[in-house]
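Novice: Sequence first, predicted coordinates after that:
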Amino acid sequence: MKITDVPFCTIDWSEVSATQHPGIEGYAYWRTFEMGNIRVRMVEYTPGYIADHWCNRGHVLLVLEGELYTELSDGREFKLTPGVSYQVADNANPHRSYTNTGAKLFIVD
């Protein structure tokens, strides 16, 4: 990842408004910062959230709270708990996530 056109800055996530994104079930609430060529998000999934699409975008994702399951289009599935991350490149492994309990994530893409 090469980050361009982003000077040093800090983000107080409590001051960033959340936007609601429905899944097949449940909701994702995104607090988003975008600058230059990056997007940084604090994301909260409600209990029972199921993504409504396969994602091809590359991410670095870290689970802060809760439990997240991420499945790849090839059938593999991964359970992520607090302190566990994944990294994937653009167009490398289509993926989607769900949670039974809810989850809070930090994502850079």
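Specialist: Here it is on my side, so go on.
Novice: Compute the first-to-last residue distance for stretch 71-78.
Specialist: Using C-alpha to C-alpha, to the nearest Å, the span of stretch 71-78 from its first residue to its last is 6 Å.
Novice: outside of that stretch, which residues touch it?
Specialist: Outside stretch 71-78, the residues within contact range by C-beta atoms under 8 Å, 6 or more residues apart in numbering are 54, 69-70, 86, 93-98. For the C-beta atoms, the positions are set from N, CA and C on the backbone; glycine is no exception.
Novice: which of those residues lies closest to Met1?
Specialist: Within the contacts of stretch 71-78, the smallest distance to Met1 is 14.2 Å, found for Tyr86 (C-beta to C-beta).
Novice: tell me the secondary structure for the residue nearest to that closest one when sequence neighbours are not counted?
Specialist: Counting by C-beta to C-beta, 6 or more residues apart in numbering, Tyr86 lies nearest to Leu61, which is 5.4 Å off, once chain neighbours are set aside. What DSSP: H, G, I helix; E, B strand; the rest coil gives for Leu61 is strand.
Novice: which residue ranges form the strands in the protein?
Specialist: Ranges of strands in the chain, per DSSP state E, are 18-22, 27-35, 38-45, 59-66, 68-72, 77-80, 85-88, 95-98, 103-108.
Novice: out of those strands, which comes closest to Pro7?
Specialist: So among these, strand 27-35 is nearest, using C-beta to C-beta, at 8.3 Å.
Novice: Listing partners with orientation, what would you give for that closest one?
Specialist: Strand pairing for strand 27-35, using DSSP bridges, gives strand 18-22 (antiparallel), strand 38-45 (antiparallel).
Novice: out of those, deepest packed?
Specialist: The highest average neighbour count among the strands paired with strand 27-35, using mean count of other C-beta atoms under 10 Å, belongs to strand 38-45 at a mean of 19.
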